[in-house]
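> Quick one: sequence plus predicted model below, questions after.
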Amino acid sequence: MADSKEAGAEAPPAGAAARGGLSLLSQGESEEPSAQGSALFLGGNEVKSRAVVKYSSAPPRTAFARLEEKTDLKLPPANWLRESAKLGPAGTTILGNSRKSKPFSSFGMAYDFIDSVGNDVDVVSDSENIKKLLKIPYSKSHVSMAVHRIGRTLLLDELDIQELFMRSSQTGDWTWLKEFYQRLIDQKWQRKKKSKEHWYQKAILSKFLYYSINGDGAAQPVPSATEQQESSSSDQTNDSDGASWPAPFEMPSSVSEDPSASSQGLKNDFVRNILWTFEDIHMLVGSNMPIFGGGRYPAVSLRLRDNNKPINVLTGIDYWLDNLICNVPELVMCFHVNGIVQKYEMIKTEEIPNLENSNFSTKVIKDIAQNILSFLKSNCTKEGHTYWLFKASGSDIVKLYDLTTLCEETEDKYQNPFTMPVAILLYKVACNMMMKKNQNKKHYGTVRTLLLNCVKLLDKSRHPQIIASANYMLSELFQLDEPKKEESSESPLNENSDESYSEEEEEMPDSDENGSYSTSSDPSDDNKAVAIIKSVGELSVPEKYKSIHQIRPSCAFPVCHDTEERCRLVLSYVLEGLKSVDSSIKKESDLPAADPNTPIPLKYEDESTRGGPEGLEKQMALFLDKMGSLQKGNYSSQSGMIPGSWQHKMKLQLILKSSKAYYVLSDAAMSLQKYGRALRYIKLALQSHDTYCCLCTNMLSEVLLFLSQYLTLCGDIQLMLAQNASNRAAHLEEFNYQTKEDQEILHSLHRESSCQGFAWATDLSTDLESQLSVSCKCYEAANEILQFSDLKSQNPEHYVQVLKRMGNIRNEIGVFYMNQAAALQSERLVSKTVSTAEQQLWKKSFSCFEKGIHNFESIDDATNAALLLCNTGRLMRICAQAHCGAGDEFKREFSPEEGLYYNKAVDYYLKALRSLGTRDIHPAVWDSVNWELSTTYFTMATLQQDYAPLSRKAQEQIEKEVSEAMMKSLKYCDVDSVSARQPLCQYRAATIHHRLASMYHSCLRNQVGDEQLRKQHRVLADLHYSKAGKLFQLLKDAPCELLRVQLERVAFAEFQMTSQNSNVGKLKTLSGALDIMVRTKHAFQLIRKELVEEFEQPKSEETPPAADSSPSLNREEVTKLLSIFESRLSFLLLQSIKLLSSTKKKTSILDEDIVLKTNKQVYSQLLRATANKNASLLERVDLLIHLLDQLACGRGSSAVVQ
């Protein structure tokens, strides 16, 4: 029968199915305009009540049939006890399915509305239980209820002691409780039987309801025995026919999501479930009260009353609460006398508290509700425990016992039949919170407490599946794949604890009862009761019992101050889960075959059921085979787990979680530079993953991505171990250490696989080449995995990182081989030819650089590609150098092989520059490549100049090539930019100009013939000497080079003078040469400064100079240059004196007289100085500086006179 909506009171699910399976409303559908609450104002006391129907299986509401006066209700109607559409699916049980509450009715509702449990709702219960509690101060009837706490929610169920003890007599299950009851409460217990009057009243009510629905509808045979309804009278003691009490362990360990566990009493079989807010108390209530409507009565409840018996307070409260809960505005009362209908009366709901003989204060009812809730919340503090609220018939004392604690004192602590339903509910609530991705972190503390309590309740040997699943979810609470956030007292993880969790009275130390409650006069009762209400009258006193809202410490999510602590917690839960799975596999042969159709509702079900990309397993198998890690004939569980079983699925998830935890541990150890520890953890991660691959029948791309990440990290670790060889002993010690937890997890893994799939990647080698090679292989494997199933495009960031690392490791290996080749080259004799070993190393190095360049280019990493091209250029230069010593040093010429390799080096450097594009991309790399390119051109030009290949080329061609190479070197030598390399660039540029000037000077000396060419060479030589002199003057540490350049310039002037015929021309050239000599004063000053420092150093410090001080002056070279300078200066002065003297005879010019006089004085002093062979180097330098000053003054004054 389709669900429908009752106007004004119920909001059914849209398009709900037949009652066969519960149809639940989503949050958005639950509160329709028609399901509004009502506010009642009675006697000035405002009572707020609001009811929202969350689920209804009632048929469309129809009007009731008003029976004619004198109708005899003792006679059965034609449709009696037959299922009727108008009475809804309850059919014959309309008596109404308000029959005796099933012992687990609240659990059935809680399972269906799991969102409400633990957070929003204070109480979940049958409406009959709610009414019974609120009538405690007015009623002498006994009260016996089981109370369970889930978060901030209390679940209330009737605990029928008579039914329990009848069962105990048959099965012996509850003997401990029966003994306790008889010892402390009712020593003469015996089953009470219902009176004939009770059954008469129930039958007449049933017949009245069937008459009232106009029983003309099609009747169907009654499929089950009649279930009697509890009357709405003051006698609240009813039978419990059909109530189902599961014996311990009757509940299967696998709990189906489908609420079909009716045989266990866990089915939600209420006609409607209502979210009822009474004042500030939120309750999820189950009700079966028939509601009629139509015409002028949109919604009414129908009641039958004996006209001879006045309505008492209990009945009035009953009617009022029923109407409030179901949001029914009116009550229709049918009065009878001895079963004969007399009259009908319409009463508004808000008028019920003021009926004659039934006056009661709604404010008092509100206070009773608040006090009872506070009492229960303050004392039912232990989640998962079963509490018993008991009031004996006729007694004013209400007692609360902790049955779980009492049960634990017996031989079998799992004798409590509530254990399984409570554990399942804890598990379901935790699952539900975990599934709310947008807010689950806020409730992590709550979820953790729920799961820990669930595990605590269950026997590990009997319920391995739930325990394994709960432990897996506990491990899932710790997010390992997210960056670590700063933990503080204001962290969301610490804020979660309360408004959604537990409010409880502060516990008094060493006391079994709460100090805020009165104790009974009988001490024997007190030592077992958790709390006692001394008199039911106290419940009517406003705010007599207050619940102190205290955050329970165990509810707060543990703050993990470091990653290792977090991962260790995760692994502890994973280990417990693995133990549960393994223990169940071990005993599988002893157990009956499980029903494959009733698996535990694992919210974190193996995603492989979705189906991975086709062919992924095949690709993975080929990959493992290629890596040499495929275990032949072993691609399934060694322990005998059946694929698809709960053990198989759960172990897969646990193993995957352990691999993630070990990966995070390894990453953390890596950042702490504990590389041995990092390798140990990544080994465990890869062993876990290898086992996962052996078990998994449907590989997921997500899992392959994890493997790629693990291998990438493993490559990083191996590279760092290679670069930190000095600390190898400490790394080895860390690598070999293992905790007991790790050993146990590894033992569980070995039950399924040999775990050797990636052993090659995690060996701690002592060989540098081997470590670099393993690192490279790890990156290559990680990259190959990314080619599977389009992982590359799905994870572009990881793909870029892998390629960067591949490029980097190939650069490292290339440099390693290149350095080995250079070492071999330096060891062999000069005359030896290039060895085969060297050539092999070149090839390996070149291959690595080439692959690395390709890696960087494929991800558009221009900077790193440029660096590798630069290193390839360096390799080409090493190859060129290896060929330079192949001949006799004296007969050596620049070989074609050298030229070939140097030109290749140039090509690679130019490629590097093209890769960078502009200096702005990376200035440091750009400058470095430019410098290397300049060096290559300079080296090539220098070798060609010093070892000219005259046997193969003409002198002119060689000079041309040298000039071009030098000019290119100059082009890439940046002398202007201020940097640490600037002095080097200036020295290089000065050297290039000096060499070019020397070359053109040499050409000029050796050339005969073409005057135009000679003139060109003369100009170029003069230009380059000038530039070289200027650049050397900028440097403070090259005085000898500056002096040499100036002396060569003087020699060049002297050479020019030999070709001059006129005295005027010669005099002009001589004057220019002497000017050059005067300008060398700067060089001598630098030399003098260094000589003085050397002379003073031994006096000031007895200790030898520091190792990093500038190199001492080359005295031998200085002495040689000084002698040359003195002889050239002497020669120039003599020639100048001769020429000036000869011209003076012809003409007398004042300035020439001054110059002549100065020259003679200087020449005279120079001759005397050179004659003194005992003069020290410093004295000679001082004299020259003095003479140059004189020359400068003489030439300066002549210029002024002129």
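That came in fine, so what should we check first? Numbers count the residues shown, from 1 in each chain.

> check which helix or strand covers Asp277.
Quick fix: residue 277 is Thr, not Asp. According to DSSP states H and E, Thr277 maps onto strand 272-278.

> and that strand, what other elements does it pack with?
Judged by 3 or more C-beta pairs under 8 Å, 6 or more residues apart in numbering; DSSP states H and E, strand 272-278 is in contact with strand 45-56, strand 281-287, helix 313-325. In this view, the C-beta of every residue, glycine as well, is placed from N, C-alpha and C.

> So which of the ones you listed is nearest Ser580?
Taking C-beta to C-beta, strand 281-287 is the member of the helices and strands packed on strand 272-278 nearest to Ser580, at 32.4 Å.

> what lines up beside the closest one in the sheet?
The pairing partners recorded for strand 281-287 under DSSP bridges are strand 123-126 (parallel), strand 272-278 (antiparallel).

> hmm, who's touching that strand?
54, 98, 105-106, 109-110, 113, 116, 120-127, 130, 268, 270-277, 322, 325-326, 369-370, 373 (C-beta atoms under 8 Å, 6 or more residues apart in numbering).

> chain center to that strand, what's the gap?
Centroid displacement of strand 281-287 relative to its chain, using C-alpha atoms, centre = their mean, to the nearest Å, is 41 Å.

> Show the subsequent helix or strand relative to that strand.
strand 291-294.

> buried residues in that next one?
Neighbour-count burial for strand 291-294, counted by 16 or more other C-beta atoms under 10 Å, picks out 291-293.

> From the residues you listed, pick the one nearest Leu704.
Nearest to Leu704 among the buried residues of strand 291-294, with distances taken as C-beta to C-beta, is Ile291, at 58.3 Å.

> got the angle for whichever strand or helix holds Asp157 vs strand 281-287?
Per DSSP H and E, Asp157 falls inside strand 153-158. For strand 153-158 against strand 281-287, the angle by axes from the mean of the first three to the mean of the last three C-alpha atoms, to 10 degrees is 40 degrees.

> Show me what strand 153-158 packs onto, helices and strands only.
So strand 153-158, by 3+ C-beta pairs under 8 Å, 6+ apart, packs with helix 105-112, strand 123-126, helix 127-134, strand 143-150, helix 362-379.

> Quick check: neighbours of it in the sheet, parallel or antiparallel?
As defined by DSSP bridges, the strand partners of strand 153-158 come to strand 123-126 (parallel), strand 143-150 (antiparallel).

> Deepest-packed of those strands, please.
Of these, the one with the most neighbours on average (mean count of other C-beta atoms under 10 Å) is strand 123-126, at a mean of 26.

> How far does that strand sit from its chain's centre?
Distance of strand 123-126 from its chain centroid, counting by C-alpha atoms, centre = their mean, is 40 Å.

> Need the contact partners of it.
By C-beta under 8 Å, 6+ apart, the surrounding residues in contact with strand 123-126 are 101, 105-106, 109-110, 113, 116-117, 130, 153-158, 270, 281-287, 373.

> With only the CA atoms kept, save it in CSV.
Output of strand 123-126 as CSV, limited to C-alpha atoms (Å, rounded to 0.1, in the frame of the first residue of the first chain):
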residue,chain,number,x,y,z
VAL,A,123,15.4,10.8,23.5
VAL,A,124,14.4,8.0,21.1
SER,A,125,11.5,5.9,22.3
ASP,A,126,8.0,4.5,21.8
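
> That strand - what's its average pLDDT?
The predicted model assigns strand 123-126 a mean pLDDT of 92.

> now swap in stretch 141-159 and tell me
For stretch 141-159, mean pLDDT is 88.

> Can you give me the end-to-end span of it?
Using C-alpha to C-alpha, to the nearest Å, the end-to-end distance of stretch 141-159 comes to 14 Å.

> Give me the distance between that stretch and the centre of its chain.
With C-alpha atoms, centre = their mean, you get 41 Å for stretch 141-159.

> cool, stretch 970-989 as well?
Taking the mean of its C-alpha atoms, stretch 970-989 sits 49 Å from the chain's own mean (C-alpha atoms, centre = their mean).

> Now it - C-alpha only, PDB.
Once non-C-alpha atoms are left out, stretch 970-989 reads as follows in PDB (Å, rounded to 0.1, in the frame of the first residue of the first chain):
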ATOM      1  CA  LEU A 970      84.800  38.400 -25.500                       C
ATOM      2  CA  LYS A 971      81.200  38.700 -26.600                       C
ATOM      3  CA  TYR A 972      80.000  36.200 -23.900                       C
ATOM      4  CA  CYS A 973      82.300  37.700 -21.200                       C
ATOM      5  CA  ASP A 974      80.200  40.400 -19.300                       C
ATOM      6  CA  VAL A 975      82.700  42.900 -17.800                       C
ATOM      7  CA  ASP A 976      80.100  45.500 -16.900                       C
ATOM      8  CA  SER A 977      77.600  43.700 -14.700                       C
ATOM      9  CA  VAL A 978      78.500  44.000 -11.000                       C
ATOM     10  CA  SER A 979      78.800  40.500  -9.600                       C
ATOM     11  CA  ALA A 980      81.100  38.200  -7.800                       C
ATOM     12  CA  ARG A 981      82.400  37.000 -11.200                       C
ATOM     13  CA  GLN A 982      83.100  40.600 -12.500                       C
ATOM     14  CA  PRO A 983      86.900  40.600 -11.700                       C
ATOM     15  CA  LEU A 984      87.200  37.200 -13.500                       C
ATOM     16  CA  CYS A 985      85.400  38.600 -16.500                       C
ATOM     17  CA  GLN A 986      87.600  41.700 -16.500                       C
ATOM     18  CA  TYR A 987      90.800  39.600 -16.200                       C
ATOM     19  CA  ARG A 988      89.500  37.300 -19.000                       C
ATOM     20  CA  ALA A 989      88.700  40.300 -21.300                       C
END
